[in-house]
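Colleague: Quick one, what's the 3D model for this:
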Amino acid sequence: MAAPTKTASTLALVTPVKGHVQVFIAPHRNLYADIIAQGLRVAGQGTQVLLAQLFQTGINQGLRHPRRLVENLEWLRCDAQRDLSGDLSKDDIELTDTEKSAVLELWDYAKVTIKSARAGLVILDEANLLVARSLITEDELLQVLEMRSPKVNIILTGAFMTERICDYADQVTHRRN
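Modeller: Numbering: from 1, shown residues only. Down below sits the predicted model:
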């Protein structure tokens, strides 16, 4: 008797589970304590975590100077000389070419991490500003989310998020003051 062959209909019964995309929106631009706690919890359970603060800076920051809160949590900030977040109550700040390059260097690192599954959780703080400041297109952000490794969960934070990104996300949380 011949072994049964797999048909297209039997293959369709198994659907790979893809990691979740969560969006956290708040009127302030601070990384939330519970998101850091979630990253720490996941890292403490043995999963690699990347926390990328795309528009936050600090002394000796950037890809060459990652911070480690615990063994599995890599915390990166942009390699720039000033805070690049801006202020919601004022006009947005203008980025220099050097600052744009620093933000995009961190974004490129995050994209590789997302696609390759080097981390099981990637937190992109102020991801909305990538699109709002025309550093990347909304389509590029959606493409990175769509092409992520099935093993990667992503958290996007920001003071606002586009409707298309929110529609794509598995969970959207709006915070109040």
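
Colleague: in the chain, what spans have low per-residue confidence?
Modeller: Scanning the chain for pLDDT under 70 picks out 1-17, 29-31, 58-60, 62-69, 86-92.

Colleague: and Gly46, how many neighbours does it have?
Modeller: 9 (other Cβ atoms under 10 Å). Just so you know, the C-beta spots here come from the backbone N, C-alpha and C atoms, and that holds for glycine as well.

Colleague: Give me the nearest residue to it, chain neighbours excluded.
Modeller: Asn72 (6.5 Å; Cβ to Cβ, 6 or more residues apart in numbering).

Colleague: Quickly list what the most centrally placed residue in the chain is bridged to.
Modeller: Of all residues in the chain, the one closest to the mean position by Cα atoms, centre = their mean is Leu124, 2.8 Å from it. Beta-bridge partners of Leu124, counted by DSSP bridges, are Ala52, Leu156.

Colleague: quick one: contacts for it?
Modeller: Ala52, Leu54, Ala110, Ile154, Ile155, Leu156, Thr157 (Cβ atoms under 8 Å, 6 or more residues apart in numbering).

Colleague: which residues does the third one contact?
Modeller: So the one you mean is Ala110. By Cβ under 8 Å, 6+ apart, the neighbours of Ala110 are Leu50, Ala52, Leu54, Val122, Leu124.

Colleague: in stretch 129-140, what's buried?
Modeller: Of the residues in stretch 129-140, Leu129, Leu130, Val131, Ala132, Arg133, Leu135, Ile136 count as buried by neighbour count, 16 or more other Cβ atoms under 10 Å.

Colleague: Please disregard the earlier target; I meant stretch 113-121.
Modeller: Those would be Thr113, Ile114, Arg118, Ala119, Gly120, Leu121, for stretch 113-121 by 16+ other Cβ under 10 Å.

Colleague: On the three-state scheme, the third one is what?
Modeller: Following DSSP: H, G, I helix; E, B strand; the rest coil, Arg118 is assigned to coil.

Colleague: excluding its backbone neighbours, what's nearest it?
Modeller: Gln48 (6.3 Å).

Colleague: Now that Leu84 has come up, it's in contact with Phe55, right?
Modeller: Yes - contact criterion Cβ atoms under 8 Å: Leu84 and Phe55 qualify, at 4.1 Å.

Colleague: Common neighbours of the two, please.
Modeller: Cys78, Val103.

Colleague: what about these two, which has more around it?
Modeller: Phe55 (27 against 23).

Colleague: Please give me every residue in contact with the residue nearest to Gly46.
Modeller: Taking Cβ under 8 Å, 6+ apart, we find Asn72 in contact with Val42, Ala43, Gly44, Gly46, Thr47, Gln48, Val49.

Colleague: Alright, that wraps it up for me.
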